[in-house]
Structure formats: C-alpha cells, structure tokens
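Q: when you get a sec, could you give me coordinates for this:
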Amino acid sequence: MNPLNNLKKAGKYQSLHGTYTPLNLTKYKGKGLPQFKSKLELKMMAYLDKSDAVIEWNYEPFAIRYEDKSVLDANNRGVIRKYYVDFTASIKTGPVIKRYWLEVKSINEVSRSKSTRL
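A: Okay, the predicted model is just below:
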C-alpha cells in the first residue's frame, strides 16, 4: 500500500502536501489520516511510522492558545490565537519510554541572518 494519497503542490512556495496513510495503523493515534503540509512533515511521518523505537505518534494532536499582542482588538487586548504542535511521539530507548513534542522546521526557519543576530 502506498502511504501517499492526493499528493499535491500548492501555496506560496509550492510545498508538497497531501494525505499520509500510516503503514502501522496501531502506532498512529490521530483522528483520521494525517494531512502533511510540507515535504519535511511527510518525511517525519514516514520516520515515526517505520521506526521500531517509536511506540506511538500523532500529528497536530492539540492546540496551545496564546495572546498575540502584535494585533490588538477593540478593547486594546491581544488577539487569541492557536498554535498546533506538529507531532507527539512516545519513543522507547532501552527500558525507558519518553514522550516528546516535535516541531518540524527547515533550516531557513530556524537560522538567522548575520544582520539580525544579537
């Protein structure tokens, strides 16, 4: 079975997106099939799905609410927004199982240019 369905390119940077069908359905704990929004997310899904060390994983399992003070409402309060964690995973290392929150970012998203460094 091919784990990719409805593979498409869209968006400003023509990023890959579509549906991933887990090969190990008992390991994936999400509601419905995960919808990846980038090639990096697709690669992470395949890794989590196939790795023997990964006990279970989930994609965008919950939202973290936060106040965005860069945009104010009529009462001069920040707008409430939601941030979705990319992945959670339970990973076994020896006898220990640890739970992780995982974010997938490209090198361009995490590196700063020399002009913006403090």
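Q: just the pLDDT for the residue lying closest to Lys39 once chain neighbours are set aside.
A: Once flanking residues are discounted, Lys39 sits nearest to Leu16: 4.6 Å by CB to CB, 6 or more residues apart in numbering. Where C-beta positions appear, they are placed from N, C-alpha and C, glycine not excepted. As predicted, Leu16 sits at a pLDDT of 84.
Q: the particular helix or strand that has Leu16 in it pairs with which strands?
A: Here Leu16 sits within strand 15-20, counting by DSSP states H and E. Sheet pairing of strand 15-20 (DSSP bridges) gives strand 4-10 (antiparallel), strand 35-36 (antiparallel).
Q: rewinding a little: pretty sure the residue nearest to Lys39 contacts Ser38?
A: Yes. Leu16 is within contact range of Ser38, at 6.4 Å (criterion: CB atoms under 8 Å).
Q: counting contacts, what elements does the strand ranked longest in the chain pack onto?
A: Ranked by residue count and defined by DSSP state E, the top strand of the chain is strand 63-72. Where contact means 3 or more CB pairs under 8 Å, 6 or more residues apart in numbering; DSSP states H and E, strand 63-72 is packed against strand 78-84.
Q: residues making contact with the strand it packs on?
A: 60, 62-73 (CB atoms under 8 Å, 6 or more residues apart in numbering).
Q: need the max-distance pair from those.
A: Within the contacts of strand 78-84, two members stand farthest from each other by CB to CB: Glu60 and Leu72, at 27.6 Å.
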